[in-house]
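>>> When you get a sec, could you give me coordinates for this:
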Amino acid sequence: AANDPGAAAGEGTNAGTTGDNGNAPAKLEGKLVIWTFFDQVKDMAAKFEEKNPGVTIDVQLFPGDQYQTKLLSVLQSGKGVPDIFDLERGYIGKFIDSKFLTDLSAMGAEDLLKDYIPYVQALGRSADGKVRAISDHSSPGGFWYLRDNAKKYLGTDDPDKISEMVSSWDKIIELGKKVAQDSGGKVHLIESSGDLFDLAAYNTEPWVKDGKLNIDTRWKDTYEIQKQVDAGNVDAKLPFMSAGWGNALNDGSVILTSMPAWASFMIDNKDDKAVGKFGVAKTPEGFYMGGTYRGIYEKSENKDLAYEFIKYIASPEWQEYNLGKTGNMPGNATVYEKNLDSFKSGFFGDQNILKPYYETIKQMPAVQADKYGEDILSRWRKVAGEGVTNKSSYDDVVAAFKKEVKNTFPELSVD
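Numbers count the residues shown, from 1 in each chain. Predicted coordinates:
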């Protein structure tokens with residue numbers, strides 16, 4: 001449940017300002033107000049206060065479905081705006097080029113991001129290339145599987161061997177047909193042909209270029225593969241988070257489920273029954289899902305202190321602690337590399353699970369967010385998803401998609 005928003009930012013003083021050389025002073029003092037939709041920010045704030053006893057952080061938590069509207073409202077009115085506010089991947093593009101976000105590059109943020117996963121640091125940049133928001137994590141995905149199930153239908157539960165077996169969509173389709181046949185149609189290799197949306201989503205060109213709708217040619221190939229997956233009984237026809245999707249992850253009716261690393265709450269672990277039972281394999285290419293970024297309000301009276309907090313969450317110290325406590329994958333590549341051979345997670349037994357995530361996520365293109373991308377992507381998912389179900393031609397899907405984009409964004413040029 002959300003806390004009462006209460007009084008907002010601008011209270012307190014910031015005695016702990018940074019010097020001209022950018023070094024933090026010995027003692028930080030003051031109060032910060034942070035707005036978020038993400039409960040874990042309380043832990044972040046507590047750890048920062050522990051390090052800096054002179055600092056008080058008021059974390060104000062709002063339900064995710066109300067957060068964006070509340071934030072926009074206070075930003076536009078200029079009243080009660082927090083010093084720091086969170087932005088989710090789904091809508092960061094609507095805020096990143098606004099006048100409300102401080103230029104963090106001017107405060108030294110380029111140095112904080114020098115070891116970052118390329119895609120993670122790029123999403124916090126505005127169109128002029130300046131850093132405006134920073135995330136403390138990456139959200140890589142992989143194929144999760146029940147080990148016993150994999151042994152039964154794939155002949156192995158070894159993550160490296162399985163990664164090789166599904167390293168291309170051609171291999172996935174052939175393997176999926178075999179699984180369906182061997183199980184009499186009761187078991188499927190993957191949950192949904194819609195998994196391809198996740199994998200292609202950020203490995204393609206931006207949807208808008210110079211005010212014009214841009215459909216990467218790759219979407220055609222993706223659509224044709226989706227139709228083959230659908231026709232070959234390769235998937236269980238269970239879109240992400242749909243009814244039955246979570247059950248399939250746990251009951252073995254699907255062998256591989258494409259999952260972001262943070263989604264372990266979907267595993268049914270009643271009485272510890274899932275401990276050591278899962279493995280994670282690489283997907284044919286990297287993908288990620290979600291992500292939370294933090295920016296500083298341009299008119300905050302506590303900018304220097306707010307920047308010290310941003311510095312802390314970008315640090316290997318916080319990200320290593322966070323990895324150990326929550327399993328949230330780091331944004332800083334050095335934290336991955338340091339823990340590659342040692343990090344273990346209860347559900348995944350002895351597997352070094354950072355490896356499959358890191359090997360794919362570090363290769364993802366560094367693409368900046370814009371105000372159209374996520375909305376247009378969701379429309380493509382809808383129209384192309386219906387097209388797969390209805391066995392429509394690619395040209396028909398594109399025509400329907402263009403119509404949707406034209407109606408929603410009349411200012412864009414659509415051929």
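>>> chain center to stretch 329-340, what's the gap?
Averaging C-alpha positions (CA atoms, centre = their mean, to the nearest Å) puts stretch 329-340 16 Å from its chain's average.
>>> ok, residues contacting stretch 342-356?
142, 147, 159, 163, 261, 264, 267, 269, 274-282, 323, 327, 329, 336, 339-341 (CB atoms under 8 Å, 6 or more residues apart in numbering). (Glycine included, C-beta is placed from N, CA and C.)
>>> rerun that using 7 Å as the cut-off
In this structure, residues lying in contact with stretch 342-356 by CB atoms under 7 Å, 6 or more residues apart in numbering are 142, 159, 163, 264, 267, 274-282, 323, 327, 336, 339-341.
>>> hey, C-alpha coordinates of it in CSV?
Written as CSV, here are the backbone C-alpha positions of stretch 342-356 (Å, rounded to 0.1, in the frame of the first residue of the first chain):
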residue,chain,number,x,y,z
SER,A,342,30.6,-17.2,-7.5
PHE,A,343,27.0,-15.8,-7.4
LYS,A,344,24.4,-18.4,-6.6
SER,A,345,20.6,-18.1,-6.2
GLY,A,346,18.4,-20.5,-4.2
PHE,A,347,16.1,-21.6,-7.1
PHE,A,348,19.0,-22.2,-9.4
GLY,A,349,21.2,-24.5,-7.3
ASP,A,350,24.9,-24.5,-8.2
GLN,A,351,24.5,-22.7,-11.5
ASN,A,352,26.4,-19.5,-11.9
ILE,A,353,23.4,-17.6,-13.1
LEU,A,354,25.0,-14.3,-13.9
LYS,A,355,26.8,-15.8,-16.9
PRO,A,356,23.9,-16.4,-19.2
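>>> on that earlier part again, mind checking which of the contacts of stretch 342-356 are buried?
For the contacts of stretch 342-356, a burial check counting by 16 or more other CB atoms under 10 Å picks out 142, 159, 163, 264, 267, 274, 277-282, 323, 327, 336, 339.
>>> just curious, which of those residues is nearest to Pro53?
Minimum distance to Pro53 across the buried ones among the contacts of stretch 342-356 is 25.3 Å, recorded for Leu323 (CB to CB).
>>> Next, work out how far apart Thr408 and Lys382 are.
Distance check for Thr408 against Lys382: by CB to CB, to the nearest Å, it reads 11 Å.
>>> Can you give me every residue that contacts the nearest residue to Asp157 once chain neighbours are set aside?
Spatial nearest neighbour of Asp157, excluding adjacent residues (CB to CB, 6 or more residues apart in numbering): Arg147 at 3.9 Å. By CB under 7 Å, 6+ apart, the contact list for Arg147 reads 157, 277-279.
>>> neighbouring contacts of the helix or strand where Lys178 lies?
Assigned by DSSP states H and E, Lys178 belongs to helix 169-182. Helix 169-182 is contacted by residues 153, 165-166, 187-190, 225, 228-229, 232-234, 255, 284 when judged by CB under 7 Å, 6+ apart.
>>> how about 6 Å then?
Identification of contacts with helix 169-182 by CB atoms under 6 Å, 6 or more residues apart in numbering yields 153, 166, 187, 189, 225, 228, 232-234.
>>> With stretch 77-85 instead?
8-9, 32-35, 71, 74, 294, 296-297, 300, 302, 306.
>>> go with 8 Å
Stretch 77-85 is contacted from outside by 5, 7-10, 32-36, 60, 71, 74-75, 100, 294-297, 299-303, 305-306, 309-310, using CB under 8 Å, 6+ apart.
>>> Narrow these to those in strands?
32-36, 60, 294-296 (DSSP state E).
>>> re earlier: identify those among the buried ones among the contacts of stretch 342-356 that sit within helices.
159, 163, 323, 336, 339 (DSSP state H).
>>> State the distance from the fourth one to Met364.
Okay, so that is Tyr336. Using CB to CB, Tyr336 is found at 13 Å from Met364.
>>> picking up where we left off before, just the ones in strands from the contacts of Arg147, please.
Counting by DSSP E, the contacts of Arg147 contribute 278-279 to strands.
>>> Grab the longest helix from this protein for me.
Looking across the chain with DSSP H, the single longest helix is helix 373-390.
>>> Please give the centre-to-centre distance between it and its chain.
19 Å.
>>> again with stretch 162-171
23 Å.
>>> repeat for stretch 108-116
With CA atoms, centre = their mean, you get 20 Å for stretch 108-116.
>>> start to end distance for stretch 111-126?
Start and end residues of stretch 111-126 are separated by 17 Å (CA to CA, to the nearest Å).
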